[in-house]
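Enquirer: everything below, folded, please.
(2 chains)
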Amino acid sequence: MIFEALRWLGLAWDEGPDVGGPYGPYRQSERTEIYREHANLLLAGGAAYPCFCTPDELAAVRKQQLAAKTPPRYPGTCRSLPPAASGARIAAGEPFVVRMKVPVEGSTSFRDELRGAVSFENSKIDDQVLVKADGFPTYHLANVVDDHLMRITDVIRAEEWISSTPKHVLLYRAFGWSAPRFWHMPLLRNLDKSKISKRKNPVSLVYYRQAGFLPQALLNFLGLMGGGMPAEINSATEKFTLDDMIRCFEVGNIRLGGPVFDLAKLKWLNGEYLRALSLDDFYAALRQTVLSDAYLRDVAALIQTRIETLGQFGDLTHFFFADDISPSPAIYLPKNRSLEETLSFAGEQLAVLEAAEWTAADLDAALKSLGASKGWTVKENFMLLRAILTGSAMSPPLLESMAVFGKARTLDRLRRFLETEKKRRPEAS
RNA sequence: GGCGUCAUGGUGUAAUUGGUUAACACGCCGCCCUCUCAAGGCGGAGAGUUCGGGUUCGAUCCCCGAUGACGCUACCA
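Expert: Coordinates of the predicted model:
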């Protein structure tokens, strides 16, 4: 799915699980043996140690530390277990994780290519788990091993990784490898400046494609947000293509402040691209997305049994083609339910749907079990969701409609509904 | 709480690596066009650059401190 989304944007890559390459396998699950060997190397060299503490024990310790207002840290219980003792426990089949043995003294520093030297005191770095009890590596081990073996020269990732980088540097050192260059990019933000999240913004590329954004518009917008384009393009015309980005991108032009993801501006930009299309191209774009044969056929299948004239098609299906529904309480509020409990229940529907497998059967099971546990009848439950999603009490079968409409857009519609109602009644949130 | 990063209108960015009435775009408001709504054209409100100290003839820009925001603080990534 992620590959498909990136391809849609017009982005390609030289190596990967799908295209192959000289440094495979590229799938983490196919590299467990490699990670295990490297973990053993660390264990043998004394840079890591087996830890037998159970998750429960650790949770208890953490709770205490938090209560005492001390930083939550691994207490070091297994750090200096004699090799013979831990060897015996492993032999006895006791489950264990592998932790890295971070030096107690000194500090670890690295150069972030965008900000310069960054330094952390070793005493502030926790003994990170490298291999989980199930034998799978954590990101920390996997990324270092993979990047070295795959000859990665530059690690470009989000700012949230800065705090973990010293651990990675320490790992490179323990292996005797030289570390790559690190570039930490600023984080995209929600309107409230927090790290961008799906609760507050549609973040999946699939959503943007289904909602009818053009890939070149989205790419342009992301380029604007990410920075790196020269000022005369970035802030003067503000419009550029992938080719322009390849040609003009300059790391020196990257701004370090975390930009707010401004959906309104994306929409404007997308409109600009849409209007610039020839009518033929515009029509083609419609037919490829919101009016594709496949989509239209799926929608048609849902209303065939309840239609009398073809002219009613639009009346019966408008919600499949609308961007915003936002029904009023008069439509969505069940009899004998308060606004507050209804909105709260809708919020739980959202949570359940987020986790659901997107098939009618799974949706059915998930929604019904939620309704049962909260004392909502199936009718109330489904009618509420129907109102939110279709803006009406009458619609084609709910679950099938949701399946056709798609997960990304359904969730977005629900989130926007909650957002709108919350704003309307701030005290009910 | 600890550690780290960042800081120009509501949002995204500019401002010849110290000298501008602090610019542009989105958004917002108004006017024009027009059967409506958009688009388009024109205009407007909105920041004195988070705050306080320096350095300097002069700081958005350099230095120090404070504050704020964000991130990390998992057998997540």
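Enquirer: now stretch A:70-84 - C-alpha only, CSV.
Expert: Extracted in CSV, the C-alpha atoms of stretch A:70-84 (Å, rounded to 0.1, in the frame of the first residue of the first chain):
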residue,chain,number,x,y,z
THR,A,70,12.8,10.7,38.9
PRO,A,71,13.4,10.0,35.3
PRO,A,72,12.1,6.5,34.3
ARG,A,73,15.1,4.4,33.6
TYR,A,74,16.0,0.8,33.4
PRO,A,75,17.3,0.0,36.9
GLY,A,76,20.3,-2.0,35.6
THR,A,77,19.2,-5.2,37.4
CYS,A,78,20.7,-7.6,34.8
ARG,A,79,23.5,-5.3,33.7
SER,A,80,26.3,-7.0,35.5
LEU,A,81,25.0,-10.5,35.7
PRO,A,82,28.0,-12.9,35.4
PRO,A,83,28.1,-14.5,32.0
ALA,A,84,27.9,-18.0,33.5
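Enquirer: who's in contact with that stretch?
Expert: Stretch A:70-84 has contacts (Cβ atoms under 8 Å, 6 or more residues apart in numbering) with A:49-53, A:58, A:61-62, A:65-66, A:86, A:99, A:101, A:124, A:126-127. All C-beta atoms are positioned from the backbone trio N, CA, C, and that covers glycine.
Enquirer: also near RNA strand B: which of these, exactly?
Expert: Counting by Cβ under 7 Å from any atom of the strand, A:Cys53, A:Leu58, A:Arg62, A:Lys124, A:Asp126 from the contacts of stretch A:70-84 sit close to RNA strand B.
Enquirer: enumerate the positions of stretch A:204-211 that are buried.
Expert: Using 16 or more other Cβ atoms under 10 Å as the test for burial, stretch A:204-211 gives A:Ser204, A:Leu205, A:Val206, A:Tyr207, A:Tyr208, A:Arg209, A:Gln210, A:Ala211.
Enquirer: wouldn't the first one be in contact with A:Leu6 here?
Expert: No. Using Cβ atoms under 8 Å, A:Ser204 and A:Leu6 do not qualify as a contacting pair, with a distance of 12.0 Å.
Enquirer: next, A:Cys130: phi, psi?
Expert: Small correction: residue A:130 is Leu, not Cys. Backbone torsions for A:Leu130, taken as degrees, to the nearest 10, come to phi -100, psi -40.
Enquirer: and the helices in the stretch 301-429 of chain A, which stretches?
Expert: For the stretch 301-429 of chain A, the helices defined by DSSP state H, counting those that start in this stretch cover A:313-321, A:329-332, A:339-355, A:360-374, A:378-390, A:398-405, A:407-424.
Enquirer: just the CA trace of the shortest one, in CSV.
Expert: Extracted as CSV, the C-alpha positions of helix A:329-332 are listed here (Å, rounded to 0.1, in the frame of the first residue of the first chain):
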residue,chain,number,x,y,z
PRO,A,329,-28.3,17.0,15.6
ALA,A,330,-31.8,16.9,14.3
ILE,A,331,-30.7,14.3,11.9
TYR,A,332,-28.2,12.3,13.8
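Enquirer: so what touches that helix?
Expert: A:Leu339, A:Thr342, A:Leu384, A:Ala387, A:Ile388, A:Gly391, A:Ser392, A:Ala393, A:Glu421.
Enquirer: tell me, how many residues neighbour A:Asp154?
Expert: Neighbour count of A:Asp154, defined by other Cβ atoms under 10 Å: 11.
Enquirer: before we move on, back to that, now, the ones next to RNA strand B among the contacts of stretch A:70-84 that are in helices?
Expert: Among those, the members falling in helices are A:Leu58, A:Arg62 (criterion: DSSP state H).
Enquirer: is it possible to export the ones next to RNA strand B among the contacts of stretch A:70-84 to CSV including pLDDT and neighbour count?
Expert: CSV is the format used below for those (pLDDT from 0 to 100; neighbours: other Cβ atoms under 10 Å):
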residue, pLDDT, neighbour count
A:Cys53, 90, 16
A:Leu58, 88, 17
A:Arg62, 86, 14
A:Lys124, 89, 13
A:Asp126, 92, 14
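Enquirer: which of the ones next to RNA strand B among the contacts of stretch A:70-84 sit farthest apart?
Expert: The most widely separated members of those are A:Cys53 and A:Lys124, with 20.5 Å between them, by Cβ to Cβ.
Enquirer: from chain A, which residue is nearest to RNA strand B?
Expert: Chain A approaches RNA strand B most closely through A:Ser235 (2.6 Å), counting by Cβ to the nearest atom of the strand.
Enquirer: re the thing from before, A:Arg199: which of the contacts of helix A:329-332 is nearest?
Expert: Nearest to A:Arg199 among the contacts of helix A:329-332: A:Glu421, at 15.2 Å, using Cβ to Cβ.
Enquirer: so what's that closest one closest to, chain neighbours aside?
Expert: Excluding the flanking residues, the one nearest A:Glu421 by Cβ to Cβ, 6 or more residues apart in numbering is A:Leu343, at 5.6 Å.
Enquirer: wait, the one you found sits on A:Thr420?
Expert: No. If you go by Cβ under 8 Å, A:Leu343 and A:Thr420 don't touch, sitting 10.5 Å apart.
Enquirer: who has more neighbours out of those two?
Expert: Between A:Leu343 and A:Thr420, counted using other Cβ under 10 Å, the more crowded position is A:Leu343 (21 against 14).
Enquirer: where does that one land on pLDDT?
Expert: Here the pLDDT value assigned to A:Leu343 is 93.
Enquirer: ok, now A:Arg425?
Expert: pLDDT for A:Arg425: 60.
Enquirer: and A:Val206, by the same measure?
Expert: 89.
Enquirer: which SS class is it?
Expert: Three-state call for A:Val206 (DSSP: H, G, I helix; E, B strand; the rest coil): helix.
Enquirer: pretty sure it contacts A:Ile2?
Expert: No. In this structure, A:Val206 is not within contact of A:Ile2 by Cβ under 8 Å, at 9.2 Å.
Enquirer: what helix or strand is A:Phe110 located in?
Expert: Per DSSP states H and E: A:Phe110 is located in strand A:107-112.
Enquirer: centre of the chain to the helix or strand that that strand is followed by, how far?
Expert: On the C-terminal side of strand A:107-112, the closest following helix or strand by DSSP H and E is strand A:116-121. Relative to the centre of its chain, strand A:116-121 is centred 28 Å away, using Cα atoms, centre = their mean, to the nearest Å.
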